[in-house]
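1. 3D, please:
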Amino acid sequence: MPRKEAGTMNGDALCFFDGKPEELALYEALEARIFSEIENVRLKVSKSQISFYSRRLFACVSFLRARRKAELPAHYIVLTLGLDRPLDTPRAAVVTEPYPNRWTHHFVLSRKEEIDDELMGWVKQAAVFAAVK
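-> From the prediction side, this is the model:
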């Protein structure tokens, strides 16, 4: 899996957002914070998502329909995190327990301001959880 250097946009990631400049801007803001705040991050781009790895997968970005279409903003990305507990926050659009003690959280992001310290705290927790599980 090729390592992406901080501050350089991966060509595959650019293709992932082809025709979606608003979503690309959101992703770039999120990616910049992840690369600046978490060490040894690698990217993997597939057709359906962009995955962030440190030791293991800890976050991914997609266009998952995490809410009913009528409830979704016109332009958004979905950040998915795995944690050892459910978060009690209205910011999570969907929270599920796919298997015991692993909780998947989907966050619908439509504004750069949503990529704040609280969200990044959860991203960091997901990276730690993935590293030790």
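2. output the helix or strand harbouring residue 34 as CSV, nothing but the C-alphas.
-> Residue 34 belongs to helix 21-37 when assigned by DSSP states H and E. Taking C-alpha atoms only, helix 21-37 is exported to CSV below (Å, rounded to 0.1, in the frame of the first residue of the first chain):
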residue,chain,number,x,y,z
PRO,A,21,-15.5,19.9,-5.7
GLU,A,22,-17.4,20.7,-2.5
GLU,A,23,-16.9,17.2,-1.2
LEU,A,24,-13.2,17.3,-2.2
ALA,A,25,-12.7,20.5,-0.2
LEU,A,26,-14.2,18.8,2.9
TYR,A,27,-12.1,15.7,2.4
GLU,A,28,-8.9,17.8,2.0
ALA,A,29,-9.6,19.6,5.3
LEU,A,30,-10.2,16.3,7.1
GLU,A,31,-7.2,14.6,5.5
ALA,A,32,-4.9,17.5,6.4
ARG,A,33,-5.9,17.3,10.1
ILE,A,34,-5.5,13.5,10.2
PHE,A,35,-2.0,13.7,8.7
SER,A,36,-1.0,16.5,11.0
GLU,A,37,-2.3,15.0,14.2
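3. next, the buried residues of it.
-> Residues 23, 24, 26, 27, 29, 30, 31, 33, 34, 35 are the ones in helix 21-37 that count as buried (16 or more other Cβ atoms under 10 Å). Any C-beta I mention is one placed from the backbone N, CA and C, and that applies to glycine too.
4. mind listing what residue 82 touches?
-> 57, 58, 102, 103, 104, 105, 126, 129, 130 (Cβ atoms under 8 Å, 6 or more residues apart in numbering).
5. which of those residues has the most neighbours?
-> Counting neighbours by other Cβ atoms under 10 Å, the top entry in the contacts of residue 82 is residue 58, with 26 neighbours.
6. what's the distance between it and residue 125?
-> 9 Å (Cβ to Cβ, to the nearest Å).
7. remind me which residues of the chain are low pLDDT?
-> 1-10 (pLDDT under 70).
8. cool, thanks, signing off.
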